[in-house]
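# just a sequence and a predicted model for now, questions to come.
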Amino acid sequence: MLAAETPMNRTALALALTLVGCDGNETNVNRVYPNVLVTPAALDFGGVAVDYSSSLDLLVLNGGLAVLEVESVEIVGDDAGAFTVDPAAFRLAQDEQIALPVQFSPDTYLEYAATLVIHSNDEESAVLEVPLTGSGVYAPSPDIAVDPLVVDFGTVSSGSTDFLVMELKNEGSATLTIADAVQLGSGAFSLQSDNPAGYSIPAGQSQSLVWQYAPTSDAGDNGSFVITSNDPDEPEVTVTLLGNGGGDFDYPTAVIACEATVRPRALVYLDGRASSDPNGLALSYAWTIEALPAGSAVEKLVDATQPVAQLTTDIAGEYTVGLIVTNSDGVSSAQRQCRMDAVPEEELHVELAWNTTRSDLDLHLLLEGSELFDLPGDCNYCNQIPDWGVPISKDDDPSLDIDDKAGLGPENTNIRVPADGEYRVIVHNFDDNGDGASLATVRVYAYGVLVHEDSETMEYNTTWEIGVVNWPEGTVGVTDIYRPNYEYDADGNAVPDVNGNPTPGPRGCPE
């Protein structure tokens with residue numbers, strides 16, 4: 001409901017005067033007016049957890065025929081401090097509107113009331129009041145505690161290393177989530193444990209972080225470690241790093257621009273050109289790979305000493321890269337890291353990797369009712385893009401994008417938009433080439449999410465049925481059947497040949 005009067009009475013009066021006409025002074029006959037309107041007429045935030053915030057929009061509209069000049073917006077009353085709004089002035093043309101975000105942040109378990117006041121050039125509503133109400137309520141919240149806040153290594157000889165442990169604790173009553181953790185300053189300090197960005201620490205628990213100090217001189221080093229989290233009253237904590245007295249260097253800063261979400265089998269650019277030195281000195285760049293998904297065969301970055309490096313994401317999963325910049329005086333920055341999650345674009349993505357360098361393992365994705373090496377129902381290295389669905393359209397057809405014969409993998413099969421039904425996933429150890437048994441790992445992604453991962457040690461000419469993908473549910477019914485590559489009957493028994501020996505199963509493309 002709109003508050004304040006509508007402009008109808010003013011408009012009717014202006015029209016009447018215009019039609020009748022008048023003698024003498026007609027200065028105000030055709031005058032038009034602004035008309036400030038708001039909705040809702042009051043803002044009730046309800047219960048909001050203490051030390052948290054909630055925001056509601058107040059819509060301000062000019063329902064008049066002249067420009068509305070809002071001179072200020074303020075909040076008054078005994079509880080005004082619990083509410084905030086942008087007090088900036090603004091102008092609204094006829095029928096123009098603006099949304100004002102009003103925020104409520106209770107710090108105690110009480111009822112709150114205040115008034116939002118709009119001052120404008122609306123002569124009849126020059127001061128428009130909007131009631132504000134809300135209450136502070138209890139809700140579990142995290143509470144970050146870092147011990148120590150100053151990691152001081154004391155005196156460490158140049159060329160030596162020392163280690164100290166820092167505890168990251170959650171003393172609150174809800175899960176603590178670490179949004180980011182960035183190291184700045186000297187590169188003589190390095191975090192030996194994983195960067196805690198993305199960690200979730202349950203209430204009452206802690207995470208140990210191990211710091212290393214490896215000075216290259218005795219002049220002293222300093223730095224900081226900035227942790228941001230969902231702690232409502234302490235969203236950012238800064239840990240100081242000191243060694244050999246701290247020194248007085250101004251350290252260069254490494255900065256990485258990279259995408260948080262990328263695609264598998266894509267070339268990704270890693271941009272470090274925003275890195276800087278406080279004294280404007282020239283920088284050299286050292287890019288490194290810090291973590292890869294299990295089964296990835298990526299060995300190095302392209303242009304690893306240049307401002308912009310390149311990485312090829314060969315399989316789905318999380319990739320972490322690091323960058324250290326060093327100025328022309330030989331002073332290095334702390335390492336900056338960037339994590340990228342390679343998420344398949346196709347709705348169904350199945351990938352295979354293994355741990356031997358010469359073995360040839362093959363991935364098979366079978367249409368419902370098909371058997372190993374059936375055509376066209378088995379998508380494999382000799383039937384890489386079969387036509388399974390609507391003719392001509394490729395969206396519902398599988399595609400074996402990689403057939404790796406040189407070991408390790410990966411191999412992956414994708415369907416952009418699968419038809420409803422069931423799809424069996426099978427791995428065949430085609431040839432060990434003298435490597436012996438291989439540990440095979442299969443991952444199944446549905447709608448970009450990893451829904452199943454499993455591993456199996458496979459001997460020469462064995463098969464492993466991981467399970468059946470159910471579509472459109474995007475689930476995997478696990479079967480986990482590992483056995484020699486024989487022909488089997490419906491009960492899972494090997495079919496004997498004329499000599500009573502197991503009949504070999506298919507092992508190659510049909511002629």
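Received, thanks. Residues are numbered from 1 along each chain as shown.
# which parts of the helix or strand where Gln310 lies are buried?
Assigned by DSSP states H and E, Gln310 belongs to strand 308-313. By 16 or more other CB atoms under 10 Å, the buried positions in strand 308-313 come out as Ala309, Leu311, Thr313. Using the backbone N, CA and C atoms, a C-beta is placed for each residue, glycine as well.
# now those in a markdown table, with pLDDT and distance to Gln335?
Formatted as a markdown table, the buried residues of strand 308-313 follow (pLDDT from 0 to 100; distance: CB to CB, whole Å):
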| residue | pLDDT | distance to Gln335 |
| --- | --- | --- |
| Ala309 | 97 | 14 |
| Leu311 | 95 | 16 |
| Thr313 | 93 | 21 |
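# how about the residues you listed in a markdown table, adding distance to Asn429?
Formatted as a markdown table, the entries for the buried residues of strand 308-313 read as follows, by distance: CB to CB, whole Å:
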| residue | distance to Asn429 |
| --- | --- |
| Ala309 | 36 |
| Leu311 | 30 |
| Thr313 | 26 |
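# tell me, how many residues neighbour Glu465?
By other CB atoms under 10 Å, 19 other residues sit near Glu465.
# and it, what does it touch?
Contact criterion CB atoms under 8 Å, 6 or more residues apart in numbering gives Arg424, Val425, Ile426, Thr479, Asp480, Ile481, Tyr482 as the residues in contact with Glu465.
# where in this protein is pLDDT low?
Screening the chain residue by residue with the criterion pLDDT under 70, one finds the ranges 1-30, 403-407.
# so Gly434 makes contact with Thr357?
No. Counting by CB atoms under 8 Å, Gly434 does not reach Thr357; the two are 10.4 Å apart.
# domains for this structure, by residue range?
Taking automatic domain parsing as the criterion, the chain consists of the domains 8-137, 144-243, 261-342, 348-484.
# nearest spatial neighbour of Gly204, skipping sequence neighbours?
Nearest-residue entry for Gly204: Asn170, 6.7 Å, with adjacent residues in sequence omitted and distances by CB to CB, 6 or more residues apart in numbering.
# if I look at the one you found, how far off is Val390?
53 Å (CB to CB, to the nearest Å).
# which one of those two has more residues nearby?
Under the criterion of other CB under 10 Å, the comparison of Asn170 against Val390 puts Asn170 first, with 25 against 11.
# tell me who's in contact with the more buried one.
With contact set as CB under 8 Å, 6+ apart, Asn170 has these partners: Pro142, Asp143, Ile144, Ala145, Leu176, Ile201, Pro202, Ala203, Gly204, Gln205, Ser206.
# tell me the bridge partners for it.
For Asn170, the beta-bridge assignment (DSSP bridges) gives partners Ile144.
# pull the distance from stretch 274-289 to the chain's centre.
Stretch 274-289 has its average C-alpha position 26 Å from the chain's average C-alpha position, going by CA atoms, centre = their mean, to the nearest Å.
# wait, I meant stretch 149-168
With CA atoms, centre = their mean as the basis, the distance from the averaged C-alpha position of stretch 149-168 to the chain average is 32 Å.
# can you get me the start-to-end distance on that stretch?
The first and final residues of stretch 149-168 sit 10 Å from each other (CA to CA, to the nearest Å).
# coming back round to it: which helix or strand lies directly C-terminal to the strand holding Gln310?
Past strand 308-313, further along toward the C-terminus, the next helix or strand under DSSP H and E is strand 317-327.
# that following strand vs strand 308-313, what angle?
With axes from the mean of the first three to the mean of the last three CA atoms, to 10 degrees as the criterion, the two stretches strand 317-327 and strand 308-313 enclose an angle of 160 degrees.
# just the helices in the stretch 301-450 of the chain please.
Remark: no helices are assigned in the stretch 301-450 of the chain by DSSP state H, counting those that start in this stretch.
# just the strands in it please.
Secondary structure of the stretch 301-450 of the chain (DSSP state E, counting those that start in this stretch): strands at 308-313, 317-327, 336-342, 348-354, 360-367, 378-379, 398-402, 411-415, 421-431, 438-446, 449-458.
# same list (those strands) but as a markdown table, adding distance to Leu128.
Below are the strands of the stretch 301-450 of the chain laid out as a markdown table (distance: least, CB to CB, whole Å):
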| stretch | distance to Leu128 |
| --- | --- |
| strand 308-313 | 54 |
| strand 317-327 | 53 |
| strand 336-342 | 49 |
| strand 348-354 | 57 |
| strand 360-367 | 66 |
| strand 378-379 | 68 |
| strand 398-402 | 63 |
| strand 411-415 | 59 |
| strand 421-431 | 62 |
| strand 438-446 | 53 |
| strand 449-458 | 49 |
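# from Gly330, how far out is the residue lying closest to Asn279 once chain neighbours are set aside?
For Asn279, the nearest residue in space outside its immediate sequence neighbours is Asp250; the separation is 6.3 Å by CB to CB, 6+ apart. Here Asp250 is placed at a distance of 14 Å from Gly330 (CB to CB).
# for the most centrally placed residue in the chain, what are its contacts?
When the chain is reduced to its mean C-alpha position, the nearest residue by CA atoms, centre = their mean turns out to be Ala260, at 5.8 Å. With contacts defined as CB under 8 Å, 6+ apart, Ala260 is in contact with Arg339, Met340, Asp341.
# same question, Ala80
Residues near Ala80 by CB under 8 Å, 6+ apart: Ala114.
# same deal with Ala179?
Ala179 is in contact with Ala197, Thr228, Ser229, Asn230, counting by CB under 8 Å, 6+ apart.
# could you rerun that using 10 Å?
Residues near Ala179 by CB atoms under 10 Å, 6 or more residues apart in numbering: Ala197, Gly198, Tyr199, Ile227, Thr228, Ser229, Asn230, Pro235, Glu236.
# would you quantify the distance from the second one to Ala179?
Using CB to CB, we find Gly198 at a distance of 8 Å from Ala179.
# now do the same end-to-end measure for stretch 181-189.
Taking CA to CA, the span from the opening residue of stretch 181-189 to its closing residue is 14 Å.
# next one: that stretch to chain centre, how far?
The offset between the C-alpha centroid of stretch 181-189 and the centroid of the whole chain comes to 23 Å, using CA atoms, centre = their mean.
# try stretch 113-130
The offset between the C-alpha centroid of stretch 113-130 and the centroid of the whole chain comes to 43 Å, using CA atoms, centre = their mean.
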